[in-house]
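# Got a predicted model here, sequence first, then my questions.
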Amino acid sequence: MKKAASFKPDVVSMNEVERYTGWGNCDEPALLAKLMHDYTGQTWYYKFSTATGGSTGNGNLIMSRFPLVATHVNLLAHDRSAVDLTISVNGRSINVTSTHLDQASTSYRLTEIGELKSWETGLVENRIIAGDFNAWPGTTENSTMKLNYSDSWAVAQADGTAISYTGNSAGNTRNSRIDYIYYSRSAGRLVLKSSQVFDFRDSKGVMPSDHRPVLSIFTVK
C-alpha cells in the first residue's frame, strides 16, 4: 500500500481482497484502508463486497479519500460482484465501480458484462468502471464494453499520454492487458489526462502481485 499511496490517488480499486479467509485471516479491507491512512495522513473511506455477497471471502474493494455520498453492490452471475462508490468532486457526482470478471469463460464474462452495464445505467453520470476483466484488447468482451465506455489506456495511447516502461509499450498488466479503467462515453464532466502502467519489480525481479497496477488521471469539469 505504500507504493499505492505514493501515487497520491483519489480513488483506489483492488481485486482479490480477502476477508477472514485462509489466505489472510483478518479484515483486509479495513486493514488496507488503515494503511492508506497511515501512509497518506488522510482518512480513507471504502466499500467491499465478496464475490458471492457473503460476510467472508474474496472480493472487490474500492477506497476513496473523498467522503462517500452512497455505496452500491451488484452480485453478478457465476459468483462475481461489482462494488460502487458515489463521491462528489468539484460539485459533480462521480460513480466509481470495481469488478473482477470470470477468469475462464468468455460466455460467463459476456453475461457478467451485460449485467454490469445494465446495472450501471441506474447510476448517475459520471461513471468509471475499473478492474480485472480477464480479457485482452480486441476480444468481444473489450468490444462490448467499448460500445458505451472508453478504454482509458487506449485513449491515452492514441493521445500520446500513455506511459509505461521499457519493454512494455502495450501497457500489459499481466501476460497481456487485462486490467482496465473504463469511463462512460456520456461522462461529459470527465477529461482524461493520462494513463500509466507501473513496473513494481524489485531488484530480483519479484513483484508483490501477479498484476501490474494501472493509474488513469482525470480532471473533473
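Perfect, I can see it now. As the structure is a prediction and not an experimental result, all values here were calculated from the model.

# For R189, the count of nearby residues, please.
16 (other CB atoms under 10 Å). The way it works is simple: take the backbone N, C-alpha and C, and place the C-beta from them, glycine included.

# So it is in contact with I128, correct?
No. R189 lies out of contact with I128 (CB atoms under 8 Å); the separation is 11.4 Å.

# Secondary structure class of A156, three-state.
Of the three states, A156 takes helix under DSSP: H, G, I helix; E, B strand; the rest coil.

# Could you report the pLDDT at it?
Per-residue pLDDT puts A156 at 98.

# So G114 belongs to a helix, correct?
Yes. Under three-state DSSP, G114 sits within a helix.

# Tell me who's in contact with it.
G114 makes contact with T144 under the criterion CB atoms under 8 Å, 6 or more residues apart in numbering.

# how close does it sit to L75?
14 Å (CB to CB, to the nearest Å).

# And Y20, by the same measure?
Here Y20 is placed at a distance of 19 Å from L75 (CB to CB).

# quick one, helices of this structure?
2-6, 28-40, 106-120, 140-145, 152-159 (DSSP state H).

# And the helix or strand of the chain with the lowest mean pLDDT, what does it pack against?
One helix or strand of the chain scores below all others by mean pLDDT, DSSP states H and E: helix 2-6, with a mean of 82. In this structure, helix 2-6 makes packing contacts with helix 28-40, judged by 3 or more CB pairs under 8 Å, 6 or more residues apart in numbering; DSSP states H and E.

# didn't R19 look like it was pressed against E28?
Yes. Using CB under 8 Å, R19 makes contact with E28 at a distance of 6.0 Å.

# And the closest residue to S88 other than its chain neighbours, what's its pLDDT?
What sits nearest to S88 in space, not counting adjacent residues and going by CB to CB, 6 or more residues apart in numbering, is V69, at 5.6 Å. Per-residue confidence (pLDDT) for V69: 98.
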